[in-house]
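Novice: Prediction below, plus the sequence it came from.
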Amino acid sequence: MNTVFDTHSMIAGQWFEGSGDSFESWDPSLNKAIANIKSCTLLDVNAALSAAVEAKTLLDTKTSAEIAEFLNVLADEIEALKGAFIPVAMAETGLPEARLQGETGRTCGQIRAFAALVAEGSWRQASIDTADPNRQPVPKPDVRAMNISLGPIAVFGASNFPFAFGTLGGDSAAALAAGNPIIVKGHPSHPLTSRYFAQAIANALQKADFPMGTFSLLQGCGTELGSELVKHPEIKAVGFTGSLGGGRALMDIAAKRAEPIPVYAEMGSINPVFIMPEALDSRSDAIAQGLAGSIAMGCGQFCTSPGLIVCLNSELPKLLAHYLSEQTPGVMLNPGIADAMQSALASRQNNSRVEFLTGGLSDTPLTPKASLMQINAADFLASGQSIAEYSEEIFGPASLVVNCESTEQMLAVAKSLSGNLTATIHADDYQSQSLSALLSLLKPRTGRILFNGFPTGVEVCQSMQHGGPYPASSFAHATSVGTAAISRFVSRNAYQNWPDELLPVELQNDNPMGILRMIDNHYSRTAIAIEKA
Ligand code: NAP
């Protein structure tokens with residue numbers, strides 16, 4: 001295998017350079033270009049899909065144990081390269097080493113979690129309805145069903161998690177675990193970093209004797225490459241993490257295809273924090289300190305960053321402004337994101353209803369100070385158009401406090417919100433009617449609701465729901481974090497009156513993998529004693 005890193009894209013284990021326009025890898029800390037990369041084109045999309053379709057036939061012959069083993073080898077290969085890719089990612093993203101060390105652990109941890117899930121087997125959701133030849137008026141057939149792979153998946157990673165939501169991040173791991181080939185559209189914010197992950201998976205595919213066409217990395221900048229990828233008829237679903245504009249554009253393209261496909265998009269969110277009156281009275285200072293850390297964490301470049309704080313009129317905004325002004329500025333991921341933050345702040349500064357308490361427009365947009373704004377609830381609620389403006393995510397260290405006259409006004413603000421990844425409540429009185437009303441309003445508007453904490457930091461576990469109603473994500477029931485994410489990239493077959501030996505092992509009578517199955521409406525790991533009709 002050619003492992004020379006002088007080209008940037010990979011199809012089925014072969015490195016090459018795209019034949020499209022050039023773009024630059026940018027170091028945001030030094031504010032200078034560090035490499036030139038050429039974008040891939042439709043020709044490359046076609047080649048990657050040909051390889052993926054061929055690979056799919058072979059992948060379908062792999063057992064669960066073999067897929068689990070491949071995923072474990074993949075995690076090992078990534079870890080083996082971390083000494084090389086962490087400095088590159090530090091240069092391309094401005095993220096500190098400790099954060100990237102942690103993200104490497106998370107990325108390998110989630111791949112290994114998928115390996116364990118696949119080896120265990122219950123993710124297949126095997127279901128068996130045994131035959132009843134004596135049923136009247138017609139005999140009942142034997143029908144069995146389980147989840148199977150779907151087909152080539154297109155993956156779009158985000159700029160802010162170059163590993164955990166990057167080339168081999170959660171979407172890629174979930175799609176591979178379900179037995180799908182993947183084509184990754186590399187994020188133009190960290191193209192050099194992406195190459196190491198492509199090399200890691202090429203090494204793992206070779207070691208595990210898996211088809212090399214299981215993976216391709218197409219680097220590119222601009223909307224054309226991604227659009228062509230989503231339009232390709234062999235792509236069966238899309239995993240996307242990024243902006244609302246990008247996610248929505250890809251959803252629209254997918255819906256217009258002759259064969260529409262799902263785009264599982266995780267997009268922006270303002271993650272409202274509601275501070276109930278008794279919590280405000282008893283621990284304003286601690287809440288303000290915690291919020292300041294959460295807003296400034298990672299230079300505010302988290303999809304779970306708290307962008308809206310809702311409370312009664314109080315000293316909290318001043319306290320929070322004080323703690324925010326003490327935070328050390330971080331580095332924005334790239335000049336585009338830095339500029340977007342500045343123009344969002346400029347629009348708020350031109351709005352007479354919004355008051356800045358700290359921060360504001362920066363002379364150094366790539367290392368901005370954190371901003372805190374405030375607005376009266378009456379102004380926030382004044383018109384639908386304003387609400388939409390104030391509810392738009394500012395990606396970066398910035399947040400808006402909505403000062404309310406009453407808990408009724410706090411509820412009105414909650415009612416005005418659209419879908420969010422998270423909502424946080426600080427409360428002590430769990431029996432209050434206001435809390436109950438707030439929960440009723442937030443549940444249909446939110447993926448994850450937290451009590452007495454801060455929304456940044458997403459646990460990777462089976463029960464995590466990292467999604468939410470539109471516009472936070474495209475499917476409110478889907479999650480992009482945790483092993484439940486696998487269910488986005490599966491199809492399902494039913495097998496009627498099949499001979500036992502032709503069935504997938506997960507559905508055979510003696511249940512050789514010992515997986516949990518729904519048998520005649522009851523969950524069980526037992527073998528089926530009766531012979532099939
Ligand atoms: P982005 O600008 O949406 O880009 C993500 C990927 O999608 C890039 O590869 C980009 O390629 C591609 N893309 C964007 N628009 C496209 C279009 N119209 N057609 C085809 N491809 C398109 O996202 P980002 O760079 O990561 O920017 C940060 C944003 O992501 C923030 O708003 C943040 O809230 C959001 N985010 C959300 C989550 C979450 O979990 N929900 C996580 C992280 C970040 P090109 O740049 O080459 O066009």
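Specialist: Great, that's in hand.
Novice: could you pull out the strands for the stretch 251-400 of the chain?
Specialist: Counting by DSSP state E, counting those that start in this stretch, the stretch 251-400 of the chain has strands at residues 263-266, 272-275, 308-312, 355-358, 371-376, 398-404.
Novice: Nearest to the ligand among those strands would be which one?
Specialist: For those, the distance to the ligand is smallest for strand 263-266, at 3.4 Å, taking CB to the nearest ligand atom. C-beta here means a position set from N, CA and C on the backbone, and glycine is covered the same way.
Novice: which parts of the chain sit against the ligand?
Specialist: Contact residues, the chain versus the ligand (CB under 6 Å from any ligand atom): 156, 158-160, 165, 185, 187-189, 220-223, 226-227, 241-243, 246, 249-250, 266-268, 303, 337, 393, 395, 421.
Novice: so which helix or strand takes in residue 128?
Specialist: Taking DSSP states H and E as the criterion, residue 128 maps to strand 127-129.
Novice: What strands line up against that strand, and which way round?
Specialist: Neighbouring strands of strand 127-129 in its sheet, by DSSP bridges, are strand 143-149 (antiparallel), strand 517-519 (parallel).
Novice: Quick one: distance of the helix or strand following the last one to the chain centre.
Specialist: The one in question is strand 517-519. As assigned by DSSP H and E, the chain's next helix or strand after strand 517-519 is strand 522-524. Between the centre of strand 522-524 and the centre of its chain there are 32 Å (CA atoms, centre = their mean, to the nearest Å).
Novice: looking at it, residue 222 is touching residue 39, isn't it?
Specialist: Yes: using CB atoms under 8 Å, residue 222 is in contact with residue 39, at 6.6 Å.
Novice: Could you check which of these two has the larger neighbour count?
Specialist: residue 39 (24 against 12; other CB atoms under 10 Å).
Novice: And the helices in this protein?
Specialist: With DSSP state H as the criterion, the chain has helices at 42-59, 64-93, 97-120, 170-177, 191-207, 223-231, 244-256, 277-296, 316-325, 335-349, 377-380, 384-390, 407-416, 433-442.
Novice: any residues in contact with both of residue 222 and residue 39?
Specialist: Shared contacts of residue 222 and residue 39, defined by CB atoms under 8 Å, 6 or more residues apart in numbering, are found at 21, 23.
Novice: re the thing from before, mean pLDDT for the helices of the chain: which is lowest?
Specialist: Sorting the helices of the chain by mean pLDDT places helix 384-390 lowest, at a mean of 68.
Novice: need the contact list for residue 525.
Specialist: Counting by CB under 8 Å, 6+ apart, residue 525 has contacts 511, 514, 515, 516, 517.
Novice: Count the neighbours of the third one for me.
Specialist: Using other CB under 10 Å, residue 515 has 19 other residues around it.
Novice: What score does it have for pLDDT?
Specialist: Value listed for residue 515 in the pLDDT field: 97.
Novice: Could you report the neighbour count for the residue nearest to it when sequence neighbours are not counted?
Specialist: Distances taken as CB to CB, 6 or more residues apart in numbering place residue 121 nearest to residue 515, at 3.7 Å, with adjacent residues excluded. Using other CB under 10 Å, residue 121 has 21 neighbouring residues.
Novice: surely residue 121 meets residue 512?
Specialist: No: when contacts are counted by CB under 8 Å, residue 121 is not listed as touching residue 512 (9.9 Å).
Novice: ok, back up a step: of all the helices of the chain, which lies closest to residue 15?
Specialist: Nearest to residue 15 among these is helix 191-207 (8.1 Å), distances taken as CB to CB.
Novice: Which elements pack onto the closest one?
Specialist: strand 9-11, strand 22-27, strand 32-38, helix 64-93, strand 182-186, strand 215-219 (3 or more CB pairs under 8 Å, 6 or more residues apart in numbering; DSSP states H and E).
Novice: Save these as JSON lines, and put in mean neighbour count too.
Specialist: Listed next are the helices and strands packed on helix 191-207 as JSON lines, based on neighbours: other CB atoms under 10 Å:
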{"stretch": "strand 9-11", "mean neighbour count": "26"}
{"stretch": "strand 22-27", "mean neighbour count": "18"}
{"stretch": "strand 32-38", "mean neighbour count": "15"}
{"stretch": "helix 64-93", "mean neighbour count": "20"}
{"stretch": "strand 182-186", "mean neighbour count": "28"}
{"stretch": "strand 215-219", "mean neighbour count": "29"}
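Novice: In CSV: those, plus distance to residue 313.
Specialist: What follows is these, written out as CSV (distance: least, CB to CB, whole Å):
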stretch, distance to residue 313
strand 9-11, 55
strand 22-27, 43
strand 32-38, 47
helix 64-93, 39
strand 182-186, 47
strand 215-219, 51
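Novice: Compare the ones you listed and give me the one nearest residue 207.
Specialist: Here helix 64-93 is closest among the helices and strands packed on helix 191-207 (CB to CB), at 5.3 Å.
Novice: for stretch 18-25, the distance to its chain's centre please.
Specialist: How far stretch 18-25 lies from its chain's middle: 26 Å, per CA atoms, centre = their mean.
Novice: cool, and stretch 133-153?
Specialist: A distance of 33 Å separates the centroid of the chain from that of stretch 133-153, by CA atoms, centre = their mean.
Novice: contacting residues for the residue of the stretch 301-450 of the chain found nearest the ligand?
Specialist: Per CB to the nearest ligand atom, residue 303 is where the stretch 301-450 of the chain lies closest to the ligand, at 3.1 Å. Going by CB under 8 Å, 6+ apart, residue 303 touches 158, 160, 241, 266, 267, 268, 269, 421.
Novice: Show me how the chain divides into domains.
Specialist: 9-267+481-488, 273-451 (automatic domain parsing).
Novice: related to what we said a few turns ago, if any of the contacts of residue 525 are buried, give me the ChimeraX selection for them.
Specialist: A single ChimeraX command is used to select the members of the contacts of residue 525 judged buried by 16 or more other CB atoms under 10 Å:
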select :511,515,516,517
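Novice: got TSV for the contacts of residue 525, with distance to residue 86 too?
Specialist: Formatted as TSV, the contacts of residue 525 follow (distance: CB to CB, whole Å):
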residue	distance to residue 86
511	44
514	40
515	38
516	39
517	43
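Novice: Closest one to the ligand out of the contacts of residue 525, please.
Specialist: residue 516 (29.9 Å).
Novice: With adjacent residues omitted, what lies nearest to that closest one?
Specialist: residue 122 is the one closest to residue 516 (CB to CB, 6+ apart), at 4.3 Å.
Novice: so what's the one you found scoring on pLDDT?
Specialist: 93.
Novice: which residues does the residue nearest the centre of the chain contact?
Specialist: Nearest residue to the geometric centre of the chain (CA atoms, centre = their mean): residue 480, 4.2 Å. Counting by CB under 8 Å, 6+ apart, residue 480 touches 165, 170, 171, 174, 239, 241, 264, 266, 466, 467, 473, 488.
Novice: and if you look at residue 167?
Specialist: Each residue near residue 167 by CB under 8 Å, 6+ apart is listed here: 155, 157, 184, 186, 193, 194, 197, 198, 217.
Novice: Pretty sure the fourth one sits against residue 217.
Specialist: Yes: taking contacts as CB under 8 Å, residue 186 lies within contact range of residue 217: 5.5 Å.
Novice: Overlap of the contact sets of those two?
Specialist: If you check residue 186 and residue 217 against CB under 8 Å, 6+ apart, the residues they both contact are 9, 167, 194.
Novice: Distance to residue 71 added to those residues, as TSV?
Specialist: TSV is the format used below for the shared contacts of residue 186 and residue 217 (distance: CB to CB, whole Å):
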residue	distance to residue 71
9	23
167	15
194	19
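Novice: so how far is residue 202 from residue 77?
Specialist: Noted for residue 77: a distance of 9 Å to residue 202, by CB to CB, to the nearest Å.
Novice: ignore the last one, residue 334
Specialist: From residue 334 to residue 202 the distance is 27 Å (CB to CB).
Novice: Next up, phi/psi of the residue of the stretch 301-450 of the chain closest to the ligand, please.
Specialist: phi -70, psi -10 (degrees, to the nearest 10).
Novice: Would you mind measuring the gap between the ends of stretch 118-129?
Specialist: End-to-end distance for stretch 118-129: 23 Å, by CA to CA, to the nearest Å.
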